[in-house]
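> what's the 3D shape of this:
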Amino acid sequence: MGREVEVADKREVAVERAREGDDSARVLLERLHDPARVLALSDGVFAIIVTLLVLEIHVPELTQGQSLNQALGEVRPSLTAFVISFVLAGMYWVGHRDLFALIRRTDRGLVWLNILFLLPLCLLPFAAGLLGRYDREPVALRIYGLVLVVIAVMRVVIWLYATNRPHLLWQRLDDRQRRAGLALNLYPGLVYLLAFLVAKVAPGVSLLIYAGLPVLYFLSITVLRSGRNRNQEYADFT
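Here you go, the predicted structure:
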């Protein structure tokens, strides 16, 4: 009888240790796949990008015989490029935030895709500075458009990767939500591609497209959100 009790006690100890080991492994797994650090890195990069954008704007110095209005006119292209790029950076940040609100855990593929998404984003201040100085030059307009197209492509890739893996999400998205999210990420890239293509023959039209697309984007998400069902928990994304 005593022997049987001893064996039972050892068995309970072994089960308890195995359970503790499973708990430790589970905690480690959650830490490795916690999206908080990915968001912290991304938010830091966005903050630096916005800061670099505004650094391209300088107070004009008046030359002899020049009025302040004339000097401010020379700064206008830089202000235009800043406003367009600032709004775009804000759109990208909101879209990134909304996407990661759906994500419960990350994997290595998603982490690296997010890093690759940040790569063209980091080039946005350079492209904006180029556009601010040479707003009618086709080369500057094309470089700006190329950066925006690559950003749009990466947004599409991340969206497809994450939403095709329900185990990474808090809740599986329905087909309507996935199509809407894909459209909101894909269509801007197509419009930027159009602006890139017409930059050489119509620089003014190309610049107008860059400036007008954010307005069209906000109208699109307003229409999509007004038509959604209120009981769809994760229907708000941009």
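> Hmm, Gly145 and Ser206 touching each other?
Yes - between Ser206 and Gly145 there is a contact under CB atoms under 8 Å: 7.1 Å. Bear in mind the C-beta positions are built from the backbone N, C-alpha and C, glycine included.
> what do those two both touch?
195-196, 199 (CB atoms under 8 Å, 6 or more residues apart in numbering).
> Can you convert the residues you listed into CSV and add a column each for neighbour count and distance to Leu168?
Listed next are those as CSV, based on neighbours: other CB atoms under 10 Å; distance: CB to CB, whole Å:
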residue, neighbour count, distance to Leu168
Ala195, 24, 33
Phe196, 22, 33
Ala199, 26, 38
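> For the one helix or strand Leu130 maps to, name the packing helices and strands.
Using DSSP states H and E, Leu130 maps to helix 124-133. If you count contacts as 3 or more CB pairs under 8 Å, 6 or more residues apart in numbering; DSSP states H and E, helix 124-133 packs onto helix 36-55, helix 68-102, helix 138-163.
> Buried deepest among these, which one?
Comparing the helices and strands packed on helix 124-133 by mean neighbour count (mean count of other CB atoms under 10 Å), helix 138-163 comes out on top with a mean of 21.
> Could I get the contacting residues of the closest residue to Val87 other than its chain neighbours?
Once flanking residues are discounted, Val87 sits nearest to Pro214: 4.7 Å by CB to CB, 6 or more residues apart in numbering. For Pro214, the contacting residues are 84, 87-88, 91, by CB under 8 Å, 6+ apart.
> CA atoms only for the helix or strand containing Pro214 - export them in CSV, please.
Using DSSP H and E, Pro214 sits in helix 203-226. Extracted in CSV, the C-alpha atoms of helix 203-226 (Å, rounded to 0.1, in the frame of the first residue of the first chain):
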residue,chain,number,x,y,z
PRO,A,203,3.8,67.1,-64.6
GLY,A,204,1.0,69.3,-63.3
VAL,A,205,-1.5,66.5,-63.6
SER,A,206,0.9,64.1,-61.8
LEU,A,207,1.2,66.6,-58.9
LEU,A,208,-2.5,67.1,-58.8
ILE,A,209,-3.1,63.3,-58.5
TYR,A,210,-0.7,63.1,-55.6
ALA,A,211,-2.5,66.0,-53.9
GLY,A,212,-6.1,64.8,-54.7
LEU,A,213,-5.8,61.1,-53.8
PRO,A,214,-6.0,61.6,-50.0
VAL,A,215,-9.3,63.4,-50.5
LEU,A,216,-10.6,60.5,-52.6
TYR,A,217,-9.3,58.0,-50.1
PHE,A,218,-11.2,59.6,-47.2
LEU,A,219,-14.4,59.7,-49.3
SER,A,220,-14.0,56.0,-50.1
ILE,A,221,-13.6,54.9,-46.5
THR,A,222,-16.5,57.1,-45.5
VAL,A,223,-18.8,55.4,-48.0
LEU,A,224,-17.5,51.9,-46.9
ARG,A,225,-18.1,52.6,-43.2
SER,A,226,-21.5,54.1,-43.7
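> If anything else comes up later, I'll come back, but that's it for now.
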